[in-house]
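In: can you look at this prediction? I've put the sequence above it.
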Amino acid sequence: MRIAGCLHITTETAVLVRTLQAAGAQTAWSGCNPLSTQDDVAAALAQEEIDIFGWRGLSKDEYYWCIEKVIATKPNLTLDDGADLVFTLHEAHPGQAKEIVGGTEETTTGVHRLRALAEEGRLKYPIIGVNDAETKWDFDNVYGTGQSSIDGIIRATNVLIAGKNFVVCGYGHCGKGIAMRAKGLGANVIVTEVDPVNALKAAMEGYRVMPMINAAKIGNIFITATGCNDVITGKHMSLMKDGVILCNTGHFNVEVSVSELERLAKSKREIRPNNMEYTLADGRRLYLLAEGRLVNLGAAEGHPSEVMDMSFANQFLSLIYLAKEGKNLKAGVYDVPKELDREVAKIKLQTMGFEIDELTPEQVRYIRGYGAGT
Ligand code: 9W4
């Protein structure tokens, strides 16, 4: 198969590309974010004569030039992260879609864009939304974001987490992972939420739950993981203690209001890489990490490879599935078949050296039967 990929050019992606090649595919690849390409990785793949189009810091025009180059290889499968490849193909090369048996999409945003396209009746081939596989989102959000966000905070500050009031804004899957890891390091975790069910889960986990305006007065470290804007604003900053650390691991730099911090500050200086000290008019200092952008990517290295491997195993198995079955599927957005998701979990357990039990035939009969009542 000829596979066109549009996915962050990172070490983990390089392993996926090599794996697809080892399985007999021809691949052509571009990055899916102008800033995420690891140039050394792109160079290494290019040296192996793998078609790779991307470098760190490309302009918007260069970004789409790379995607065009990938489309020009006349793929029959696509792999996307954010759906820029699929949209470019549909808009600029609609005739090519009939050659394509299927595609995969890595992210929630991409799946949303593709569903909208499908609802308008314009999506031209079947696409599997890899994001919704349990062995993808449940692990990268909780364990990947959890660890890498704490890692970013520590790299940017070298602060001791133990004993700190650690405020997690948003208790979705990412917030849950961060809170769990902060607790493990000895922090007093405080959760702020707008959703009563999430807030209740946090409370039952033993965290203190309170509105942001109250947390602002007592927190030492604040991290936003909401996906929403204006979570920490000037009115919170004006209540904060001297020396607090602010960072974000959710949507790009809209959760901590950097503009309001800039407005409140009398001066600023970078005290360490990815750590900006803002001094307010009354002398209090607030430390903003990674410019309010995702701290796990800005100050650390994103998800560890042992999380990405599950996402990319889902990608790999989904592409194999589409190579075989794609022509029998109607255009639309599909879930990763449940058996593939389970297969990824099974293999991951094996690689971690864990074995599990199997149900006996009697147990299967018991579970499936309805005879056992009171
Ligand atoms: N990376 C990224 C890197 C630097 C960067 C403007 C200057 C996401 C997922 C995976 O987005 C990624 N610098 C930016 S934005 C930006 C984004 N700016 C913004 O001002 C700085 C990214 C998936 N992943 C892992 O998590 C681990 N391996 C992976 O493949 C990678 C990168």
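Out: Received the coordinates, thanks.
In: for Ser30, grab phi and psi.
Out: phi -130, psi 160 (degrees, to the nearest 10).
In: burial of the residue nearest to it when sequence neighbours are not counted, as a residue count?
Out: Nearest residue to Ser30, sequence neighbours excluded (C-beta to C-beta, 6 or more residues apart in numbering): Cys66, at 3.9 Å. Yep, even glycine has a C-beta here, placed from its N, CA and C like the rest. Counted with other C-beta atoms under 10 Å, residues neighbouring Cys66 total 25.
In: and Cys66, its phi and psi?
Out: phi -60, psi -40.
In: and it, how far from Thr73?
Out: The spacing between Cys66 and Thr73, counted by C-beta to C-beta, to the nearest Å, is 12 Å.
In: so Asn258 touches Leu289, yeah?
Out: No Asn there; residue 258 is Val. No - in this structure, Val258 is not within contact of Leu289 by C-beta atoms under 8 Å, at 11.2 Å.
In: got the contact list for Phe312?
Out: By C-beta atoms under 8 Å, 6 or more residues apart in numbering, the contact set of Phe312 is Glu12, Thr13, Val15, Leu16, Thr19.
In: where does it fall, secondary structure wise?
Out: Assessed by DSSP states H and E, Phe312 sits inside helix 305-325.
In: identify each buried residue in that helix, please.
Out: For helix 305-325, burial by neighbour count (16 or more other C-beta atoms under 10 Å) applies to 307-323.
In: and what of stretch 74-83?
Out: Quick answer for stretch 74-83 (16+ other C-beta under 10 Å): Pro75, Asn76, Leu77, Thr78, Leu79, Asp80, Asp81, Gly82, Ala83.
In: which two in these are spaced the farthest apart?
Out: Farthest-apart pair in the buried residues of stretch 74-83 is Asn76 and Gly82; separation 21.0 Å (C-beta to C-beta).
In: and the stretch 251-374 of the chain, which of its residues are near the ligand?
Out: Arg293, Leu297, Gly302, His303, Met308 (C-beta under 6 Å from any ligand atom).
In: can you pull the phi and psi angles for the third one?
Out: Note on Gly302: backbone dihedrals following degrees, to the nearest 10 are phi 70, psi -160.
In: number of residues surrounding it?
Out: 21.
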